[in-house]
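In: Take a look and give me a structure for this.
(one chain, ligands or ions: 2)
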Amino acid sequence: MITLGIETSCDETALCLLETDGNNYRILANIVHSQMNLHKEYGGVVPMLAKREHIKNLPILYEKILKESNITEEKIDRIAVTQGPGLEPALWTGIVFAKELGKRLNIPVVPVNHMEGHIVSSLILDINKDKSMEDLRKIDFPALAVLISGGHTELVSVEEMGSYKILGSTVDDALGEAFDKTARMMNLPYPGGPEVSKLAEQARKENIPHNIKLPRPMLHSKDLNFSFSGLKTAVLYTLREIGTPTEEQMKDISREFEDAVTEVMISKTRKAMESNSYQTILIGGGVIANSHIRKAFEKLAQEYSMNIYIPLTEVTGDNALMIALAGSIKTTKPSDEGFVAIGNLSLEN
Ligand code: KG4
Ligand code: ZN
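Out: Ligands and ions are numbered 1, 2, ... in the order given. A predicted model of the protein is given here:
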């Protein structure tokens, strides 16, 4: 069974051809075409520009992926496409492309929730040299999903695949967005997450003195919600006070920012873990590429001696492998394995 995954929710045009016999998976080809350089000069993603680029690149990348995988399109059994959440004009390009292709090849189109894709990305244990992936990690339910991306920050209770309850989410900026805005205030290029992370790492390595103090928003609130806009404003005031920050001050701010958000994320995750007897923690979203946050979650896993599944760094960002995988699981796993019915449910409130 071969699934074509299509992801166009933001500024990545991504396609993946994934083969499965129901147990093992093999990536026939996987392409992520980033538009980052185009959006960089605007300091963020411009939806209409993203749309134009997706429309231009989808047919080109489709030809390319067929060539790379050495299969003809008649071999594709179904299409899994991101249906949302994401930038609407961008999403539609993938959906329209998938629908037209599905019609032409007379194969089903499976809608996949982008956040489910991020959840499922944490199940990939390893990608072998021959691009095969054996034994996806098994989830013991109930599981807790921690989703941290450019658009979302959510704690989600997963009763079984396809059955979700949002326990808490950000009341303003998403975590990745807060990283990006903080970077922008320091004139660092888009996307700012990796830039802030680099500076923070240098601050730790060079043992730069801690002169900046930032708040830990909602750390002690009783609920499981997050807020990052106050933190961003605190960075703004700090920078106003400083004037033009030195390299050392930028490193100090970055480390303090990273420490603050890590502390909040871990504390809220801990609180969620204590609210139910979760068997597994699944982490997903672009921000989990951050090595400081990864380490903090790994430490948490050790402390609770439980399974915390953190995606391989190559699949933390937006990609079509996670979409193809979510679509494949949805249509191949029998329900008694608890995997069926990934899909149409929106993780939005
Ligand atoms: O999941 P993703 O690729 O796209 C969305 O679905 O939003 O997440 C992108 C976000 C961006 O805000 C980016 O700055 C952030 O993930 N990000 C990071 C790092 N790498 C990417 N944030 C912090 N540290 C990183 N190393
Ligand atoms: Zn994403």
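In: ok, now which ones touch residue 79?
Out: 3, 4, 5, 6, 98, 101, 102, 107, 108, 109, 110, 327 (CB atoms under 8 Å, 6 or more residues apart in numbering). Bear in mind the C-beta positions are built from the backbone N, C-alpha and C, glycine included.
In: How about the residues of the stretch 1-150 of the chain by ligand 2?
Out: residue 149 (CB under 5 Å from the ion).
In: residue ranges of the helices in the stretch 1-150 of the chain, please?
Out: With DSSP state H, counting those that start in this stretch, the ranges of helices along the stretch 1-150 of the chain come out as 36-40, 47-69, 88-105, 114-121.
In: so of the contacts of residue 79, which ones are in strands?
Out: Counting by DSSP state E, the contacts of residue 79 place 3, 4, 5, 6, 109, 110 in strands.
In: These, buried ones only, as a ChimeraX selection?
Out: Selection of buried members from the ones in strands among the contacts of residue 79 for ChimeraX, criterion 16 or more other CB atoms under 10 Å:
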select :3,4,5,6,109,110
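In: so, in contact with ligand 1 or not, the helix or strand hosting residue 239?
Out: Per DSSP states H and E, residue 239 falls inside helix 229-242. No. With CB under 6 Å from any ligand atom as the criterion, ligand 1 is not reached by helix 229-242; the gap is at least 12.7 Å.
In: Of all the residues in the helix or strand that comes right after that helix, which ones are buried?
Out: Next in sequence after helix 229-242, counting helices and strands by DSSP H and E, comes helix 247-274. By neighbour count with 16+ other CB under 10 Å, helix 247-274 contains the buried residues 249-262, 264-266, 268-269, 271-273.
In: Mind giving me the packing neighbours of helix 247-274?
Out: On a contact count with 3 or more CB pairs under 8 Å, 6 or more residues apart in numbering; DSSP states H and E, helix 247-274 meets strand 143-148, strand 153-160, strand 163-169, helix 175-185, helix 192-205, helix 229-242, helix 291-304.
In: want to try TSV for these, with distance to residue 16 and mean pLDDT as columns?
Out: Converted to TSV, these look like this (distance: least, CB to CB, whole Å; pLDDT from 0 to 100):
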stretch	distance to residue 16	mean pLDDT
strand 143-148	20	97
strand 153-160	23	94
strand 163-169	24	94
helix 175-185	22	97
helix 192-205	23	98
helix 229-242	34	96
helix 291-304	24	94
